[in-house]
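[1] Need coordinates for the below:
(4 chains)
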4 protein chains.
Amino acid sequence: MINTDLQRDEARYKAQGFGNEMGMVGKIGLLIVDFVNGFADPQAFGGGNIPQAIARTTTLLAEARRLGWKIAHTRIVFADDGADANIFSLKVPTMLGLTEHNPASAIVADLAPEPGEYVVRKTVPSAFSGTPLAAWFVTHGVQTVVVAGCVTSGCVRASVLDAMQAGFRPVVVSDCLGDRAIGPHEANLFDMAQKCGDVLDLDTLLSRLPNC
Amino acid sequence: MINTDLQRDEARYKAQGFGNEMGMVGKIGLLIVDFVNGFADPQAFGGGNIPQAIARTTTLLAEARRLGWKIAHTRIVFADDGADANIFSLKVPTMLGLTEHNPASAIVADLAPEPGEYVVRKTVPSAFSGTPLAAWFVTHGVQTVVVAGCVTSGCVRASVLDAMQAGFRPVVVSDCLGDRAIGPHEANLFDMAQKCGDVLDLDTLLSRLPNC
Amino acid sequence: MINTDLQRDEARYKAQGFGNEMGMVGKIGLLIVDFVNGFADPQAFGGGNIPQAIARTTTLLAEARRLGWKIAHTRIVFADDGADANIFSLKVPTMLGLTEHNPASAIVADLAPEPGEYVVRKTVPSAFSGTPLAAWFVTHGVQTVVVAGCVTSGCVRASVLDAMQAGFRPVVVSDCLGDRAIGPHEANLFDMAQKCGDVLDLDTLLSRLPNC
Amino acid sequence: MINTDLQRDEARYKAQGFGNEMGMVGKIGLLIVDFVNGFADPQAFGGGNIPQAIARTTTLLAEARRLGWKIAHTRIVFADDGADANIFSLKVPTMLGLTEHNPASAIVADLAPEPGEYVVRKTVPSAFSGTPLAAWFVTHGVQTVVVAGCVTSGCVRASVLDAMQAGFRPVVVSDCLGDRAIGPHEANLFDMAQKCGDVLDLDTLLSRLPNC
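    Reported below is the predicted structural model:
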């Protein structure tokens, strides 16, 4: 039923000019959003298809390292004393527990950053808002940003939007994204495909890389 | 069916701490996103429930003027020569037709700005990205931003997200938002209510104003 | 001689409309820029009148705490592995040594932050660029930002400029600013007074506070 | 006298690690800041060495066009009704006169933009703050930004700082910069050379281009 609705919507969007495929240009960077222990745990902020997305992302990360892409990981980290509480934490107060040394805010072991990979600390959904991430990609000449992470309907959507607004071409890797609920996951994949970036599954992405 | 899914999701979100109601503080500003002729026209970028949302927003705008709120309107405006084409227009090439003097980019007559109201020209979904809007609200001491406009799943969602990330409390007026397709409209109302701002209908908002 | 030049310039600036005094409105916040051990040490990044500025700032900070202002401190902090090296560190490579646990990057003992005061980590001159600081002031309803810190010609100038561009009224406290060299200190006080904010000495600021 | 002071300061800055030469990488963009009629006119916002800087910039612009660089020009433009008045215009109220159709806000004839060159409208000193300029350079893969314009101590300094903070390598062309007063011009060239970008004269820049 949802799929039928989405197909009908997709036709309308296409008639109005949305959803053009962009392709990849220039140097590629990888952005892995919030794959931390707390979002891998259904008792904390997790659930849904997040575990499967983490598993797929291990393949993507290995490939990105092999190809020498610039790689950034994000974590939500609030100050121990809550001094940086914000509107996001007013809306979702449990976020304030994600402090620097809380294991829930640590990146999952399977995707642990290697030296030289950039770990972005943030206190809002977008990886770009209030962080030096856009400048970091610019410094390294990145033009295309491949995005994995969670959750699709929150921090991923916000980061993909901002990547696009900052002038990067986002490539959203659908099976490397996870969300605590599947309805919002699918709805946001649809929105991103129409307005923000190319949405591909991992196999399709990998098959295209030799031609980049 | 969608509603059932949303209800189940909502329970999970609540258990994880999402969807807290924030209330309104400080001075209130009104942001009307992209209610321009081209988005009121189903043959251009319109459709769905946009006409009804425009009608409801005339009431909201009149009330905002009566109360002396700072008021901002947005338009998408690209350069006549396309020099400012960007990733958004690569994804949605038809946007490039919204130039300064194209009637499609003019605000609908029923909501025409009055002198002193700020008309923000933008080339991306968010009203805040690449514009002085956040600074404008700060200059005028605004802390709560009431949002109307279209489309819910695109420029409204992006603007509400950025309002929150910029430190403002967003109040999303559900029946003053429109979208070309109802599935994305509802899905994005859900996401915003969980993570970005308070979502109220116009009657509820108006009933609360005397207590602000 | 420099002073004579500055006076002549000041007349020209005044004729063109620069240097208007703005006054303070709304809630006041205090921003203390980079008063860390490494900038207090002439063998590291210090020198000039920085020690005197730190001494004066202890009075300002005490008064700000007494008045309940929102208070933010900044530190330059690069990642231990240098992953976040940027154009600023390309221009000034020694900055990369200012890592989280290097005592040189710790705020001087006399101005040590108290719980609830916001410690902003940054990797560029401006306290606002790539940080959530503007959003933090907005969240707390701050409209006027009083600025102390070092160095006048670098991180202070950049932060005052960005405060103004973000919609806040900057008040630059001249004797609470320090620089490793006096020529640039004075030149930048002049520029800021013409184009960015009100420049006052501490006694003048304190004398005006009861009227705010 | 000023020069002696600057030389002494320069030695101290060098000992502390400032002023490293960066060189040019990647695609080059040209940014021409505020060379508009009102800043070419000593009776408005002009004076000093601005006319000479405009004359030199005609050579730079011709060369940039020949080499196919992406080119951006900025203008200060406030709304006809002053709705977008801000803190900058509170500090310098005369700026509010620079409206869209005021000849004072038009780019000087000798540097008139050609189709495809990006004309950035702004209401603050920095060409990047509250504009899509950083995104535009990213979209076109620019990594090095060559800067000409006026005034050195105001909009140029702010734009060079922001270029650097946004991840671009600024190249400041000293004789293509002008200011209404020479003291601030020289003081800001010094600051930029120490902390923001490479400062070269036009002949030196042109001699290095074949090797880029």
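[2] Buried residues of the longest helix along chain A, list them for me.
    Taking DSSP state H as the criterion, chain A has its longest helix at helix A:50-67. Within helix A:50-67, the residues scored as buried using 16 or more other Cβ atoms under 10 Å in any protein chain shown are A:50, A:53, A:54, A:56, A:57, A:60, A:61, A:63, A:64. In short, each C-beta sits where N, CA and C put it, glycine included.
[3] And stretch A:38-50, by the same measure?
    Going by 16+ other Cβ under 10 Å, stretch A:38-50 has these buried residues: A:38, A:39, A:40, A:41, A:44, A:45, A:46, A:47, A:48, A:49, A:50.
[4] what about the helices in chain A?
    Using DSSP H, helices in chain A cover A:2-15, A:37-40, A:50-67, A:87-91, A:133-139, A:157-165, A:182-195, A:202-208.
[5] show me the contacts for the closest residue to residue A:170 other than its chain neighbours.
    Of all residues not flanking residue A:170 in the chain, residue A:197 sits nearest, at 3.1 Å (Cβ to Cβ, 6 or more residues apart in numbering or on different chains). Residues near residue A:197 by Cβ atoms under 8 Å, 6 or more residues apart in numbering or on different chains: A:22, A:147, A:160, A:163, A:164, A:169, A:170, A:171, A:172, B:91.
[6] Relative to chain D, how far out is residue A:168?
    Going from residue A:168 to chain D by Cβ to the nearest Cβ, to the nearest Å gives 6 Å.
[7] Run a quick neighbour tally on that residue.
    The tally of other residues near residue A:168 (other Cβ atoms under 10 Å in any protein chain shown) stands at 28.
[8] picking up where we left off before, reformat the contacts of residue A:197 into JSON lines and put neighbour count next to each item.
    Listed next are those as JSON lines, based on neighbours: other Cβ atoms under 10 Å in any protein chain shown:
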{"residue": "A:22", "neighbour count": "16"}
{"residue": "A:147", "neighbour count": "26"}
{"residue": "A:160", "neighbour count": "31"}
{"residue": "A:163", "neighbour count": "31"}
{"residue": "A:164", "neighbour count": "28"}
{"residue": "A:169", "neighbour count": "25"}
{"residue": "A:170", "neighbour count": "25"}
{"residue": "A:171", "neighbour count": "25"}
{"residue": "A:172", "neighbour count": "28"}
{"residue": "B:91", "neighbour count": "24"}
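[9] among the residues you listed, which two are most distant?
    A:147 and B:91 (14.6 Å; Cβ to Cβ).
[10] Would you mind naming what in chain A lies close to chain D?
    A:25-26, A:134-139, A:141, A:143, A:165-168 (Cβ under 8 Å from any Cβ of the partner chain).
[11] Of those, just say which sits nearest to residue B:119.
    residue A:165 (19.9 Å).
[12] For that closest one, give me its contacts.
    Residue A:165 touches B:87, B:88, B:124, B:125, B:126, B:129, B:130, B:158, D:135, counting by Cβ under 8 Å, 6+ apart.
[13] Quick check on the residues you listed: which are buried?
    Neighbour-count burial (16+ other Cβ under 10 Å) applied to these gives B:87, B:88, B:124, B:125, B:126, B:129, B:130, B:158, D:135.
[14] Intersect those with the contacts of chain A.
    Residues of the buried ones among the contacts of residue A:165 in contact with chain A (Cβ under 8 Å from any Cβ): B:87, B:88, B:124, B:125, B:126, B:129, B:130, B:158, D:135.
[15] surely the first one meets residue A:164?
    Yes. At 4.8 Å, residue B:87 and residue A:164 qualify as touching, with contact defined as Cβ atoms under 8 Å.
[16] what do the two both touch?
    Shared contacts of residue B:87 and residue A:164, counting by Cβ under 8 Å, 6+ apart, come down to residue A:170.
[17] Adding pLDDT and distance to chain C as columns, could you present the buried residues of stretch A:38-50 in CSV?
    Formatted as CSV, the buried residues of stretch A:38-50 follow (pLDDT from 0 to 100; distance: Cβ to the nearest Cβ, whole Å):
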residue, pLDDT, distance to chain C
A:38, 97, 20
A:39, 96, 20
A:40, 95, 23
A:41, 93, 26
A:44, 91, 23
A:45, 93, 20
A:46, 92, 25
A:47, 91, 28
A:48, 94, 28
A:49, 96, 30
A:50, 97, 26
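[18] picking that back up, extract the C-alpha set from the longest helix of chain A and format it as PDB.
    Extracted C-alpha coordinates of helix A:50-67, given in PDB (Å, rounded to 0.1, in the frame of the first residue of the first chain):
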ATOM      1  CA  ILE A  50      20.200  -0.700  12.000                       C
ATOM      2  CA  PRO A  51      22.200  -3.900  12.700                       C
ATOM      3  CA  GLN A  52      21.900  -5.000   9.100                       C
ATOM      4  CA  ALA A  53      23.000  -1.500   8.000                       C
ATOM      5  CA  ILE A  54      26.100  -1.600  10.200                       C
ATOM      6  CA  ALA A  55      27.000  -5.000   8.800                       C
ATOM      7  CA  ARG A  56      26.700  -3.700   5.200                       C
ATOM      8  CA  THR A  57      28.700  -0.600   6.100                       C
ATOM      9  CA  THR A  58      31.700  -2.700   7.100                       C
ATOM     10  CA  THR A  59      32.000  -3.700   3.400                       C
ATOM     11  CA  LEU A  60      31.700  -0.100   2.300                       C
ATOM     12  CA  LEU A  61      34.200   1.200   4.800                       C
ATOM     13  CA  ALA A  62      36.700  -1.400   3.800                       C
ATOM     14  CA  GLU A  63      36.300  -0.500   0.200                       C
ATOM     15  CA  ALA A  64      36.600   3.200   1.000                       C
ATOM     16  CA  ARG A  65      39.900   2.600   2.800                       C
ATOM     17  CA  ARG A  66      41.200   0.500   0.000                       C
ATOM     18  CA  LEU A  67      40.400   3.300  -2.500                       C
END
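[19] packing partners for it?
    Identification of packing neighbours for helix A:50-67 by 3 or more Cβ pairs under 8 Å, 6 or more residues apart in numbering or on different chains; DSSP states H and E yields strand A:27-33, helix A:37-40, strand A:70-76, strand A:142-150, strand A:169-178, helix A:202-208.
[20] Who are the packing partners of the fifth one?
    Using 3+ Cβ pairs under 8 Å, 6+ apart as the contact criterion, the neighbours of strand A:169-178 among helices and strands are helix A:50-67, strand A:142-150, helix A:157-165, helix A:182-195, strand A:198-200, helix A:202-208, helix B:87-91.
[21] What residues does chain A have near chain C?
    Within chain A, the positions near chain C by Cβ under 8 Å from any Cβ are A:79, A:81-87, A:115-119, A:123-124, A:129-132, A:135-136, A:139.
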